[in-house]
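K.L.:
Based on what follows, work out the 3D shape:
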Amino acid sequence: MSTHNVPETFSIPVGPLHVALEEPMYFKIDVQGETVSHIDINAGHAHRGIEYLTTKRTMYQNVVLTERICSLCSNSHPQTFAMAAEKIAGIEVPERGIYLRTVADEMKRVTSHLFNVALLVHLVGYETYFMHMMQVREIGQDMLESIFGNRQDIGAMCIGGVRYDLDDKTIAYIHGAIDKIETETKDIIKTFKTNGSILRRTKGVGVLTHADAITCGVVGPVARASGVDYDVRRAAPYAAYDRLPLVVHSLTDGDVWSRAMVRLEEILTSINLLRVCLRDLPGGPVNINDRPDIPPGQAVTRSEAPRGEVIYYLRTNDTPQPERVKWRVPTFMNWDSLRFMLQDAKIADIAMIVNSIDPCLSCTER
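P.N.:
Here you go, the predicted model:
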């Protein structure tokens, strides 16, 4: 029997260092011809032992340490950690601090989503539009730097509130920045709906069905793009989210395009939430202006990071250091879904599909 028409089978190593990966991650991909037939994911290249380090730092030092876990969702980690400490100690965050926590949260969501979708455009090969999207993101990054003094680890959170405040001039500046981002994002959404290059490379690619999404327990935009209508900000409101007009966006196709569109729509929602927070910002202190001892106890708290649900477990004792801190991050739940997304995918689509879950290895391999 002739075997001339049988596609050649071979293995492709992707990573741990690869142009399409933001961080070290290794994929052993078996392909038949141009089609993926099997995938093996190997993690553990970015382990830093931060969970252990938290037990060697005081509770207040850990607010700084947890922010260094990941740059793109750097605000979500210290906020969720602080919420756990406040739960154990019975600390009530002042109203102004609650709203300012939400402001910092949504600013980081806007810049994080713009970065991921811009990278997708880069992987599609649309370089000029990639540079345009990064310029749009730069408006948000400049906003972060102007308000917090830093573009990534913004240092907004503290146990008992926040470490920053906004005056009328800064609020006016924020309105101007988010107005520009909103206009540009609406144009980007139109481009994603009409541009042939983007549609051909992303529609029907890397599909994660609703059933497989449930099986994998995926979270965040990855879940919502597969029809899982879940968002911690609505399911278990924290900060000021129970007082805000939150819209949760979900689609049903579960492909690369849908995951990008969910993120783009969420940018517009975040901008609306920022406007409402700034409009309704109450007066008063931004934090409790104290560093009380955190008594022995344990707590579990969660928040909606840009990539999805972050869960923190904190156990304290009679010392200034916590006895145990453990967190579960979105990428830990999302990366197993790559086995479904990459099955029968084309080699040329591997990088785009991996990017579409917005993986964060620093969070996952802490």
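K.L.:
For the stretch 201-350 of the chain, which segments count as strands?
P.N.:
297-305, 308-316, 322-328 (DSSP state E, counting those that start in this stretch).
K.L.:
And the last one, what does it pack against?
P.N.:
To tie it back to what came earlier, the one meant is strand 322-328. Packing partners of strand 322-328 (3 or more Cβ pairs under 8 Å, 6 or more residues apart in numbering; DSSP states H and E): helix 50-54, helix 59-67, helix 76-89, strand 308-316. C-beta coordinates here come from the backbone N, C-alpha and C atoms, glycine included.
K.L.:
Any buried residues in that strand, and which?
P.N.:
322, 325, 327-328 (16 or more other Cβ atoms under 10 Å).
K.L.:
for stretch 166-180, same thing?
P.N.:
166, 173-174, 177-178.
K.L.:
ranges for the helices of the stretch 151-300 of the chain?
P.N.:
168-194, 196-202, 210-216, 220-224, 232-235, 256-280 (DSSP state H, counting those that start in this stretch).
K.L.:
Go ahead and name everything in contact with the shortest one.
P.N.:
Think helix 232-235. Contacts with helix 232-235, where a contact means Cβ atoms under 8 Å, 6 or more residues apart in numbering, come from 238, 241, 246, 248, 302-304, 309.
K.L.:
Repeat the analysis, applying 6 Å as the threshold.
P.N.:
The contact list for helix 232-235 (Cβ atoms under 6 Å, 6 or more residues apart in numbering) reads 241, 246, 248, 302-304, 309.
K.L.:
if we can go back for a sec, can you put the helices of the stretch 151-300 of the chain in a markdown table and add mean pLDDT?
P.N.:
Shown next, in a markdown table, are the helices of the stretch 151-300 of the chain (pLDDT from 0 to 100):
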| stretch | mean pLDDT |
| --- | --- |
| helix 168-194 | 96 |
| helix 196-202 | 93 |
| helix 210-216 | 95 |
| helix 220-224 | 96 |
| helix 232-235 | 96 |
| helix 256-280 | 97 |
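K.L.:
closest to Arg68 out of these?
P.N.:
helix 220-224 (21.2 Å; Cβ to Cβ).
K.L.:
Distance from that closest one to the middle of the chain?
P.N.:
10 Å (Cα atoms, centre = their mean, to the nearest Å).
K.L.:
wait, which of the buried residues of stretch 166-180 is closest to Ser112?
P.N.:
Looking at those and their distance to Ser112, the nearest is Ile178, at 14.9 Å (Cβ to Cβ).
K.L.:
roughly how far apart are the closest one and Gly140?
P.N.:
Ile178 sits 8 Å away from Gly140, taking Cβ to Cβ, to the nearest Å as the criterion.
K.L.:
And for Ala82?
P.N.:
In terms of Cβ to Cβ, Ala82 sits 23 Å off from Gly140.
K.L.:
Name the residues that touch stretch 122-131?
P.N.:
118, 121, 197-198, 201, 351-352, 355.
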